[in-house]
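A.B. asks: Return a 3D structure for these sequence lines:
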Amino acid sequence: FKRTATIPASASRPLAASKIKTDAESENKEAKCPSLPPTRNWRICTKSVVKGLSDPSFTNRPVTSPFEQSSVIGREGEDRPRGTSSEAWSAEAYTPALNLYDRLMGYCDQHKDDRNTTENVNLPHLVMSALDILQQSYRLYGPQSVIGSYNGGKDACVILHLMRAAYANYIREHPSLKDVACQPKTIYFEHEDEFPEVLDLLHETVVEYDLNMVAFDKGIKFADGLCSVVATNFIGDKTENSRPFPMAFVLGTRKGDPNAGNQGAFAPSSSFMPPFMRVNPILMPEWTYADVWQFLRFFELRYCQLYDEGYTSLGTVKDTMPCPALKKDELDLCWEEDTGNTVDDCTGEYWPAYMLKDWDQERAGRTKKKTK
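C.D. replies: Next comes the predicted model:
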């Protein structure tokens, strides 16, 4: 008697993944975490700073963007000095990002007509469309004004990988930027009850991908944080009559998300928010839960380890648990114990997130918040 796990074709990593990479690219495998010291991680934007930058009385006074604060907070909470302006994106981060872009486009070109196959039927089209949306964002707004929302969730990881790939290609198409292009910009809103595994991923990837990330302090509202960024986005020297340059925020919104509404790939912010353009690379055309995992697994890209432990949607430690639909039954556990076999080293009580068959159960592990 042998019990095996059935992995949905649309959510597993095909064996053919290795065939779309060259030997040189294989050496840049991104699935494993590098041993990098926390030499610089992210900038903290406090409530007092947000209030000052959002105050109308500051309109005609010199202000500094949260992305240009003079210090960063490391893994252990230490405050370290940093330059007062955005630094150039390092070659150590730019080159792998450009390799990723070429790998993505090589795969898309090779499989764009594979409409009769049972696996990856939509992935080439989805990836090409997302990269095009991001390329247009960099063309319209410029690197200094395209900001990614990065909280360590699976959708945010997809967005981050697509962003850095598209940005690297944008730099290649504009050679004058090669040595002066700023670091990719991202924002994160801190939570009191964040998973330690999420924080580990954020610290590691901010260093590995050389991101300029601003983390808004606990308790800062989303609209207030964005307002502080939008209000200080000046290109060049600020004068009395200067106005902030328009900004684009890249989001990991998918169809069915609570805030998706009727948004398209580009959607102006709501009237109660500061003025900016929402960019939704995985909303139109629609990426499914399985497409997200197909992308991350197929191209061996970094994501939070909690997803391999049965979590399918991440909130905080107080309102999130592994997805009940992924809990192993007794036969699964007995077979693993008797044979020593597992699926991708999945040895816990739950199957990994990418094995979820019923995508409607994606948020089944999120507990409902109590109403006051």
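A.B. asks: What are the neighbouring residues in contact with residue 287?
C.D. replies: Taking C-beta atoms under 8 Å, 6 or more residues apart in numbering, we find residue 287 in contact with 126, 130, 158, 254, 295. Every residue, glycine included, has its C-beta placed from N, CA and C.
A.B. asks: Try it again at 7 Å.
C.D. replies: Neighbour list for residue 287: 126, 254 [criterion: C-beta atoms under 7 Å, 6 or more residues apart in numbering].
A.B. asks: pLDDT value on it, please?
C.D. replies: At residue 287, the pLDDT value in this model is 95.
A.B. asks: and what of the one 3 residues further on?
C.D. replies: At residue 290, the predicted lDDT confidence score is 94.
A.B. asks: can you tell me the helix or strand for it?
C.D. replies: In the assignment (DSSP states H and E), residue 290 maps to helix 289-298.
A.B. asks: which other helices and strands contact that helix?
C.D. replies: helix 123-141, helix 154-173 (3 or more C-beta pairs under 7 Å, 6 or more residues apart in numbering; DSSP states H and E).
A.B. asks: Check the offset of the shortest one from the chain's centre.
C.D. replies: Averaging C-alpha coordinates over helix 123-141 and over its chain gives two centres that are 15 Å apart (C-alpha atoms, centre = their mean, to the nearest Å).
A.B. asks: name the helices or strands packed onto the helix or strand that that helix is followed by?
C.D. replies: Remark: after helix 123-141, the chain's next helix or strand is strand 146-149, criterion DSSP H and E. Applying 3+ C-beta pairs under 7 Å, 6+ apart, we find strand 146-149 packed against helix 154-173, strand 185-189, strand 248-250.
A.B. asks: quick one: average pLDDT of strand 146-149?
C.D. replies: Averaging pLDDT along strand 146-149 gives 97.
A.B. asks: partners of that strand, with directions?
C.D. replies: Pairing partners of strand 146-149, with direction, according to DSSP bridges: strand 185-189 (parallel), strand 248-250 (parallel).
A.B. asks: Is it possible to get a markdown table of the helices and strands packed on strand 146-149 that adds mean pLDDT, mean neighbour count and distance to residue 66?
C.D. replies: Shown next, in a markdown table, are the helices and strands packed on strand 146-149 (pLDDT from 0 to 100; neighbours: other C-beta atoms under 10 Å; distance: least, C-beta to C-beta, whole Å):
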| stretch | mean pLDDT | mean neighbour count | distance to residue 66 |
| --- | --- | --- | --- |
| helix 154-173 | 97 | 23 | 19 |
| strand 185-189 | 95 | 24 | 8 |
| strand 248-250 | 97 | 24 | 14 |
